[in-house]
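K.L.:
quick one, fold the following:
(one chain, ligands or ions: 1)
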Amino acid sequence: MKYLVVGGSKGIGKACTEILLEGGHEVIVASRSNSEISHLPIEHIELDVTQDVSELEDFEELNGLIFCPGSINLKPFHRMDIELFKQDMELNVYGAIKTIQATLPALKKGNGSVVLFSTVAVSQGMPFHASVASAKGALEGLTRSLAAEYAPDIRVNAIAPSLTDTPLAESLVSNDKKREVSEARHPLKKIGRPEDIASLAVHLVSENGVWISGQVIGVDGGMSRLR
Ligand SMILES: NC(=O)c1ccc[n+]([C@@H]2O[C@H](COP(=O)([O-])OP(=O)(O)OC[C@H]3O[C@@H](n4cnc5c(N)ncnc54)[C@H](OP(=O)(O)O)[C@@H]3O)[C@@H](O)[C@H]2O)c1
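P.N.:
Have a look, this model is predicted:
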């Protein structure tokens, strides 16, 4: 099978790339850099999803798309400039929309599946998350809407992680104290590893997920449902 992982060069996306390769699949990664995956047998497309993504229109056929770029800009709401909301929408939502539109014909041809990433902060109100929760909330709506519009040809799902140990979350777990506090906040008393999230993403885009569409699934150490 042939999969496109946008943002497959770091964090959760890199873990997706590695799991797909282990499964013997063909993987194309699109991201701004490739230094962390230059050793892997993949095709790399240098691309910024906030800019022109027309290069992604060239695929003949794709069996799946995993779209990973995202942000965590945490601040008190009164200090959030409207520009921050716009930037978060640009990356998380418009980036996903442009990417899906560019690859739609190839996904249709390959009976493909799309996985997007939300956050636990959409279903659980969390202070300082107004911007990212707004953008990811839009992404959840997009997930369900596209899943309905393109069934039965293309499946569309989202994963809503809680804090996961990736470059994006580095500043939130940058010392032992911060890490311990974050672990203690989760009912399962640990934060996520990239592979904890990536294994579900790969399940969803693969044949294993053939009867799953329109879902937003929490992979969050119990954070969204347990007290
Ligand atoms: N980590 C968490 O705690 C957490 C929690 C909740 C939700 N999430 C969500 O899960 C998803 C994956 O997160 P992550 O932690 O793995 O993020 P990450 O470590 O920042 O990795 C993001 C990937 O996207 C690429 N990327 C970023 N901006 C891009 C752009 N403008 N154009 C093209 N590629 C771009 C990065 O590569 P380049 O830098 O090379 O472009 C990288 O490969 C995100 O949507 C995030 O919002 C993460």
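K.L.:
please name the nearest non-neighbouring residue to P41.
P.N.:
Excluding the flanking residues, the one nearest P41 by CB to CB, 6 or more residues apart in numbering is L21, at 6.8 Å. In short, each C-beta sits where N, CA and C put it, glycine included.
K.L.:
element containing that neighbour?
P.N.:
When elements are assigned from DSSP states H and E, L21 belongs to helix 11-22.
K.L.:
and that helix, does that touch the ligand?
P.N.:
Yes: applying CB under 6 Å from any ligand atom, one finds that helix 11-22 is in contact with the ligand at 11-13.
K.L.:
next SSE downstream of that helix?
P.N.:
Secondary structure here is assigned by DSSP H and E; on that basis, the next helix or strand after helix 11-22 toward the C-terminus is strand 26-31.
K.L.:
mean confidence for that next one?
P.N.:
Averaging pLDDT along strand 26-31 gives 98.
K.L.:
so what strands line up beside that strand?
P.N.:
Based on DSSP bridges, the pairing partners of strand 26-31 within the sheet are strand 2-6 (parallel), strand 43-46 (parallel).
K.L.:
residues of stretch 166-182 that come out buried?
P.N.:
Taking 16 or more other CB atoms under 10 Å as the neighbour-count basis, stretch 166-182 is seen to contain the buried residues 166, 168-169, 172-173, 179, 182.
K.L.:
meant to ask about stretch 102-122, not that
P.N.:
When neighbours are counted by 16+ other CB under 10 Å, the buried residues of stretch 102-122 are found to be 102-104, 106-107, 110, 112-122.
K.L.:
and the ligand, which of these contact it?
P.N.:
Contacts with the ligand are made by 117, 119 out of the buried residues of stretch 102-122, judged by CB under 6 Å from any ligand atom.
K.L.:
looking at the buried residues of stretch 166-182, which two lie furthest apart in space?
P.N.:
Within the buried residues of stretch 166-182, L168 and R179 form the most distant pair, 15.2 Å apart (CB to CB).
K.L.:
distance of the residue nearest to P41 from A198?
P.N.:
Remark: distance between L21 and A198 (CB to CB, to the nearest Å) = 12 Å.
K.L.:
of the two, who's got more company?
P.N.:
Of the pair L21 and A198, A198 is the one with more neighbours under other CB atoms under 10 Å, namely 29 against 16.
K.L.:
hmm, the more buried one is touching C16, no?
P.N.:
Yes: A198 is within contact range of C16, at 4.3 Å (criterion: CB atoms under 8 Å).
K.L.:
pLDDT added to the residues of helix 11-22 next to the ligand, as JSON lines?
P.N.:
Output for those, formatted as JSON lines (pLDDT from 0 to 100):
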{"residue": "G11", "pLDDT": "98"}
{"residue": "I12", "pLDDT": "98"}
{"residue": "G13", "pLDDT": "98"}
